[in-house]
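Give me a model of this one.
(chains A and B)
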Amino acid sequence: MRFMIIVKANEDSEAGVMPSREIMEEMGKYNEELIKAGVMLAGDGLQPSSKGARVKFTGGKHVVTDGPFVETKELLAGYWVIEVKSKDEALEWVKRIPFDEGEEIEVRQVFEVSDFPADILPPEEAAREQAWRDEQQRKAATA
Amino acid sequence: MRFLGLLRADADSEAGAPPSKELIERMGTFMEEVAKAGVLLAADGLHPSSKGLRVKYSGGKATVTDGPFTESKELVASYAVYEVKSLDEAVHWTTRFLEVLGEGECEIRPIFEASDLSPDLFSPEEAAREEAWREEMAKKASQA
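As a prediction, this is how the structure comes out:
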């Protein structure tokens, strides 16, 4: 099973305040542990929302709004994607994230092709999905 | 540059309502187009927050709360990672995605690259360590 670990933004992340060198090192060590255990599929930090944008599409029209966005608690500051055997295993890993000062994360299970019944996702569609996922992996491996 | 695109959850996604067969076909065609354009690094849908949890870290303790979470507008329903040349190009692909979806709202956020960090914060040794685990991660992902 795959899980997305979403790190919530706070005033520091939104202000572009960088973590200390010590915290960066601790996080590097944690990521290496995830890698050694073979559970880490992705992990990145996000730049403040001031460098981002939102796109809303409704009634056939789209509206683009540039950041920053003010609802800090709704925003993200980073994420991981991990592959583990159970939600409990995911929880074991997230408890070890070197956070200790009020940080908040959300853990969400990722949909797999096998989560969809065949009448919604027929074998042909599943095969097409596998093909673009393979292409995506090739691209990611060369990025 | 890499960008994370996030689709906001709504009442349907939080209720776990499956997409229609037609939408799955349209989205499949679109995802093929995006993958062929060579701009897609990852994309996944998320189960409703009822299957998730939240953790808050403070004073050496991690406090866990089980989902569901009720503020559906704050939640994420799916994500994509794009490798493109500019924010405008990320907006372009995001808009196309929303057209295929029919309705919705996305947020686009640039991802930090090692080169965005100053060397006194992120030493060359740390950068090399990160490069090494990222290579290992890409290997793992291509076998998953």
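
okay, CA-based contacts and neighbour counts for the rest of this
OK.

domain parsing for chain A?
A:2-110, A:114-143 (automatic domain parsing).

Chain B now?
Domain assignment of chain B by automatic domain parsing yields the ranges B:2-111, B:117-144.

Report the buried residues of the last one.
Of all the residues in domain B:117-144, those buried under the rule 16 or more other Cα atoms under 10 Å in any protein chain shown are B:121-122, B:126, B:130, B:133-134, B:136-142.

now the helix or strand containing residue B:138: how far from the chain's centre is it?
Residue B:138 belongs to helix B:124-143 when elements are defined using DSSP states H and E. In terms of Cα atoms, centre = their mean, to the nearest Å, the centre of helix B:124-143 is found 19 Å from the chain centre.

what is the mean pLDDT for that helix?
Mean pLDDT, computed over helix B:124-143, is 85.

Indicate whether it makes contact with chain A.
Yes: counting by Cα under 8 Å from any Cα of the partner chain, chain A has neighbours in helix B:124-143: B:126, B:129-130, B:133, B:135-142.

CA-only coordinates of that helix in PDB, if you can.
Presented in PDB, the C-alpha positions along helix B:124-143 are these (Å, rounded to 0.1, in the frame of the first residue of the first chain):
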ATOM      1  CA  PRO B 124      28.200  19.900  -0.700                       C
ATOM      2  CA  GLU B 125      28.500  16.700   1.300                       C
ATOM      3  CA  GLU B 126      24.800  16.800   2.300                       C
ATOM      4  CA  ALA B 127      23.900  17.600  -1.300                       C
ATOM      5  CA  ALA B 128      25.900  14.500  -2.400                       C
ATOM      6  CA  ARG B 129      24.200  12.400   0.200                       C
ATOM      7  CA  GLU B 130      20.800  13.600  -1.000                       C
ATOM      8  CA  GLU B 131      21.700  12.900  -4.600                       C
ATOM      9  CA  ALA B 132      22.700   9.300  -3.600                       C
ATOM     10  CA  TRP B 133      19.400   8.600  -1.900                       C
ATOM     11  CA  ARG B 134      17.400  10.200  -4.700                       C
ATOM     12  CA  GLU B 135      19.000   7.900  -7.200                       C
ATOM     13  CA  GLU B 136      18.200   4.900  -5.000                       C
ATOM     14  CA  MET B 137      14.600   6.100  -4.700                       C
ATOM     15  CA  ALA B 138      14.200   6.500  -8.500                       C
ATOM     16  CA  LYS B 139      15.500   2.900  -8.900                       C
ATOM     17  CA  LYS B 140      13.000   1.700  -6.300                       C
ATOM     18  CA  ALA B 141      10.100   3.700  -7.900                       C
ATOM     19  CA  SER B 142      10.900   2.200 -11.400                       C
ATOM     20  CA  GLN B 143      10.600  -1.300 -10.000                       C
END
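
hang on, the earlier thing: just the domains of chain B: most buried one?
Most buried of those by mean neighbour count (mean count of other Cα atoms under 10 Å in any protein chain shown) is domain B:2-111; its value is a mean of 18.

start to end distance for that one?
Length of domain B:2-111, first residue to last, Cα to Cα, to the nearest Å: 6 Å.

how close does residue B:142 sit to residue A:76?
For residue B:142 relative to residue A:76 (Cα to Cα), the value is 26 Å.
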